[in-house]
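Enquirer: Coordinates only, no sequence provided:
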Ligand code: GAR
């Protein structure tokens, strides 16, 4: 069974979706640890309640990004992860960190990348007037919220949507696609080869999910 380490910064609802999938027998991984850069991340308590080893490494205690990333990698590597899963981990990562985990570092982002990298994705989608929005799981490259796409889910933007109603619709899909992506990795169906995502030939045809509302 593959080992995963999950990195969070806050609420940890995507982490919870992964724990729930594991507990339901739908995600054959060992969640070796959950690590936060914020000591007060509510997700740490959730993980501890689920019996998972937790750590925090406060980025504020380090002189710079490289020093923090080195300490973070040292902590992660104690658990010999096959895959490092960024689940609302709100830090820009150094090139050295990203290349250390090449092909085994994935992220979830609340937009249909390459649209809307960075923060406030839902408000920006509303401001632009896009009709379709969503979320993306991708392998991490040194560029922020960028990298080979593993799976995306699309949702409609409805008249009268607020930032929070749109965020909730997207989050529901995040909780579907992140366990799916990790499951593919756990089952050796997912690989990064020459900078491109390869899924095993008989993998379920769900690389793009459109939520029922837009069907
Ligand atoms: C999620 O919406 C995730 O996609 C986003 O942060 C939220 C974390 O929520 N990540 C990013 O914006 C990364 N650029 P959670 O802590 O409840 O999983």
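Expert: Good, I have the coordinates. Quantities reported herein were computed from a predicted structural model and do not represent experimental measurements. Numbering: from 1, shown residues only.

Enquirer: can you list the weak-confidence ranges in the protein?
Expert: Across the chain, the ranges flagged by pLDDT under 70 are 204-215.

Enquirer: In this structure, what residue comes closest to the ligand?
Expert: residue 88 (2.6 Å; CB to the nearest ligand atom). C-beta: built from backbone N, CA, C; applies to glycine.

Enquirer: what about the nearest residue to residue 78 once chain neighbours are set aside, which SS state?
Expert: Nearest residue to residue 78, sequence neighbours excluded (CB to CB, 6 or more residues apart in numbering): residue 33, at 7.9 Å. Here residue 33 is recorded as strand under DSSP: H, G, I helix; E, B strand; the rest coil.

Enquirer: Quick check: residues of the chain near the ligand?
Expert: Within the chain, the residues that sit near the ligand (CB under 6 Å from any ligand atom) are 8, 10-14, 43, 87-88, 108-110, 145, 171, 174.

Enquirer: Just the buried ones from those residues?
Expert: 8, 10, 12-14, 43, 87-88, 108-110, 145, 171, 174 (16 or more other CB atoms under 10 Å).

Enquirer: Surely the residue of the chain closest to the ligand touches residue 14?
Expert: Yes: between residue 88 and residue 14 there is a contact under CB atoms under 8 Å: 5.9 Å.

Enquirer: who touches both of the two?
Expert: Residues touching both residue 88 and residue 14 (CB atoms under 8 Å, 6 or more residues apart in numbering): residue 108.

Enquirer: Run a quick neighbour tally on the nearest residue to residue 72 once chain neighbours are set aside.
Expert: In space, and not counting its chain neighbours, residue 72 is closest to residue 57: 5.6 Å by CB to CB, 6+ apart. By other CB atoms under 10 Å, the residues close to residue 57 number 19.

Enquirer: Many thanks, I have nothing further to ask.
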